[in-house]
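> Sequence first, then the predicted structure:
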Amino acid sequence: MHNTDRVSGPRALRALINHEPIVRCLGAHDVLTAKLIEQAGLECIFIGGFGVSASMLGLPDMNLVHLPLMADAAKRTINAVRVPVIVDADTGHGDLHNVQQTIETFEQMGAAGILLEDQDFPKRCGHFVGKRVIPKSEMVLKINAALDVRRNQDVVLIARTDALACEGIEQAVERAQAYADAGADLVYVEAPEQPRILESLPSLVGHPLVINMLTGGRTPARSLDELRSYGYKLVIWPIESILVSAHVVRKLVQTLLATGRVDGMRDEMLTFEEIQDLLGLPAIMKLRERMEARVARSKKKR
């Protein structure tokens, strides 16, 4: 019922990064979504602040998700799946000691990757306006603080800069390079809006780079093959699961209001049997039978 091999998550993500030309990572806004992603065969899951804020609070990604809430969402997801899970640490939730507490918390629960960003308080979604960034030197200290408490060297530290919107391309590239030099395993320049910048960032930065393909966001949408050709190492589609879910639920309610029934949407639903299988009901139903058989065998041996 729970993932008992969480230590393999970081090792699996590290292997993907080392051996695959590009890694796909889809955001999951809840545990059921994460299980669907895993069942479909995708290699990596992302737990982001936007998805948690929307699904658990019904609020936008405006620095409203504190560490205990994010840790709770991440822990429940990591416990439920076996594929690697990357967890959004936002700014580390404060100063250097807060960064260390955040890293320790996520590593202990089995996060395969941890994403740390350089926004100033109060942070916000990287595709919102009005962002501000802390000094580059301060973010380098945060990266060093994170690495100082990382015990499992397979845990992938991702350092994100939001400086492109605030300071321009040259400063964003300088920051990404400085964060990689400080020890971040992957770096991430958030929200390139111009196609030429999107295409050139991997060569400009010169370190393994993450890209965020938020549908409807500020970055032009590109296919996996195109992103691979530019040189990106990991692609995150961060909130598409919640966008799709919200769309379908809205359609469900509209169908009910219009027709007085919902079974007309059967083709857009899992079957009742499929959801039982996904949730592990067959194994739970067989548990008593297995335990009774075990007790019977034990009695015979006596």
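Now that the structure is in, tell me what you want to look at.
> right, and the secondary structure at the residue lying closest to Cys44 once chain neighbours are set aside would be what?
Nearest non-adjacent residue to Cys44, counting by Cβ to Cβ, 6 or more residues apart in numbering: Cys25, 4.1 Å away. Heads up, the C-betas are built off the backbone N, CA and C, glycines and all. Under the three-state scheme (DSSP: H, G, I helix; E, B strand; the rest coil), Cys25 adopts strand.
> wait, doesn't Cys25 sit right on Ile236?
Yes: counting by Cβ atoms under 8 Å, Ile236 is a contact partner of Cys25 at 4.7 Å.
> Show me the helices in the stretch 151-300 of the chain, by range?
Ranges of helices in the stretch 151-300 of the chain, per DSSP state H, counting those that start in this stretch, are 163-167, 169-181, 195-205, 224-230, 240-259, 272-278, 281-301.
> what do you get for the stretch 1-150 of the chain?
Assigned by DSSP H, counting those that start in this stretch, the stretch 1-150 of the chain shows helices spanning 8-19, 31-40, 49-52, 67-80, 96-108, 136-149.
> quick one, which of the ones you listed is packed in tightest?
Comparing the helices of the stretch 1-150 of the chain by mean neighbour count (mean count of other Cβ atoms under 10 Å), helix 49-52 ranks first with a mean of 25.
> Can you tell me which helices and strands it packs against?
With contacts taken as 3 or more Cβ pairs under 8 Å, 6 or more residues apart in numbering; DSSP states H and E, helix 49-52 sits against helix 67-80, helix 240-259.
> tell me the mean pLDDT for the shortest one?
It stands for helix 67-80. Here helix 67-80 scores 96 as its mean pLDDT.
> contacts for it?
2-3, 6, 9, 28, 30-31, 34-35, 45, 47, 49, 52, 56-57, 85, 87-90, 93, 98, 101-102, 105-106, 109-111 (Cβ atoms under 8 Å, 6 or more residues apart in numbering).
> Just checking the distance from that helix to the centre of its chain.
Mean C-alpha position of helix 67-80 versus that of the full chain (Cα atoms, centre = their mean, to the nearest Å) differs by 11 Å.
> now do stretch 16-26
Relative to its chain's centre, stretch 16-26 lies at 14 Å (Cα atoms, centre = their mean).
> switch to numbering from 3
Noted, 3 is the first residue going forward, which turns the last one into stretch 18-28.
> That one: end-to-end distance?
Start and end residues of stretch 18-28 are separated by 15 Å (Cα to Cα, to the nearest Å).
> Now do the contacts for Val142.
Contact analysis of Val142 by Cβ under 8 Å, 6+ apart lists Ala180, Tyr181, Ala184.
> circling back: okay if I get the helices and strands packed on helix 51-54 as a markdown table plus distance to Arg198?
Below are those laid out as a markdown table (distance: least, Cβ to Cβ, whole Å):
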| stretch | distance to Arg198 |
| --- | --- |
| helix 69-82 | 35 |
| helix 242-261 | 25 |
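> And these: which comes nearest Gln121?
Judged by Cβ to Cβ, the one of the helices and strands packed on helix 51-54 that comes nearest to Gln121 is helix 69-82, at 15.3 Å.
> tell me the angle that closest one makes with helix 10-21.
Orientation of helix 69-82 against helix 10-21 (axes from the mean of the first three to the mean of the last three Cα atoms, to 10 degrees) gives an angle of 80 degrees.
> what angle sits between helix 69-82 and helix 33-42?
Angle, helix 69-82 to helix 33-42, by the same axes, to 10 degrees: 40 degrees.
> before we move on, the earlier item: tell me which residues touch the residue nearest to Cys46, please.
Cys27 makes contact with Leu44, Glu45, Cys46, Ile47, Phe48, Ile88, Leu236, Val237, Ile238, Trp239 under the criterion Cβ under 8 Å, 6+ apart.
> Any chance of these in JSON lines with pLDDT as columns?
As requested, the contacts of Cys27 are exported to JSON lines (pLDDT from 0 to 100):
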{"residue": "Leu44", "pLDDT": "97"}
{"residue": "Glu45", "pLDDT": "96"}
{"residue": "Cys46", "pLDDT": "97"}
{"residue": "Ile47", "pLDDT": "98"}
{"residue": "Phe48", "pLDDT": "98"}
{"residue": "Ile88", "pLDDT": "98"}
{"residue": "Leu236", "pLDDT": "98"}
{"residue": "Val237", "pLDDT": "98"}
{"residue": "Ile238", "pLDDT": "98"}
{"residue": "Trp239", "pLDDT": "98"}
